[in-house]
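Asker: test case, fold it:
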Amino acid sequence: MSDPIHIPNWKRLDAEITTSGQPSEAELGEIAALGVRHVINLGLHSHERALPDEAASVAASGMTYTHIPVAFDAPRDADFARFCAVLAALEGAPVHVHCILNLRVSAFFYRYRRDVLGWENAAARAPMEALWQPGGVWAAFIGDTDSIALPHRRPRA
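Answerer: Here you go, the predicted structure:
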């Protein structure tokens, strides 16, 4: 099966990790068909685009589920620490990580690749910048002190 690129902001990071914005219940089935065994959701269940019972929908698709609710206006180091712990516990199993638009996720993976995996900054940052350039609290969260006073920006052309 090919990647379901119709899911909002779908990205394949490597053979075992895919990311996106909020998938529908049917799209969760497509994700499971790829061999994904676990879903991590960084979005809030209270968002209007969230599924009514995502944990049940994920389970019905044969996958396990972890919810790490990250407030878009207040990402926390504790959220990132939990994210890292969940990835470590999954030990390389196929995983899909999503939020509402894949913005939270892209920032988390930038920081993960840079700080945990030791990637060079530009390589770690490129997938995030394909979606956005964080400003404000998100710039602070990823350690980009030069962008804290700036608004979020679109990708560079």
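
Asker: which of the three states applies to the spatially most central residue of the chain?
Answerer: Centroid-nearest residue in the chain, with Cα atoms, centre = their mean: Val105, separated by 2.4 Å. Per DSSP: H, G, I helix; E, B strand; the rest coil, the secondary structure class of Val105 is helix.

Asker: show me what contacts it?
Answerer: Thr19, Ser20, Leu42, Val97, His98, Cys99 (Cβ atoms under 8 Å, 6 or more residues apart in numbering). (C-beta placed from N, C-alpha, C; glycine too.)

Asker: list the beta-bridge partners for the fifth one.
Answerer: According to DSSP bridges, Ser20, Asn41 are recorded as the beta-bridge partners of His98.

Asker: name the helices or strands packed onto the longest helix anywhere in the chain?
Answerer: Longest helix in the chain, counting residues (DSSP state H): helix 77-90. Judged by 3 or more Cβ pairs under 8 Å, 6 or more residues apart in numbering; DSSP states H and E, the packing partners of helix 77-90 are strand 38-41, helix 103-111.

Asker: what is the shortest one packed up against?
Answerer: If I follow you right, that is strand 38-41. Packing contacts for strand 38-41, counted by 3+ Cβ pairs under 8 Å, 6+ apart, involve helix 54-60, strand 64-67, helix 77-90, strand 95-98.

Asker: quick check: angle from the longest one to helix 103-111?
Answerer: Computed with axes from the mean of the first three to the mean of the last three Cα atoms, to 10 degrees, the direction of helix 77-90 lies at 70 degrees from that of helix 103-111.

Asker: got a list of contacts for helix 77-90?
Answerer: His38, Ile40, Leu42, Thr66, Ile68, Val70, Val95, Phe108, Arg111, Tyr112, Val116, Phe141.

Asker: thanks a lot, catch you later.
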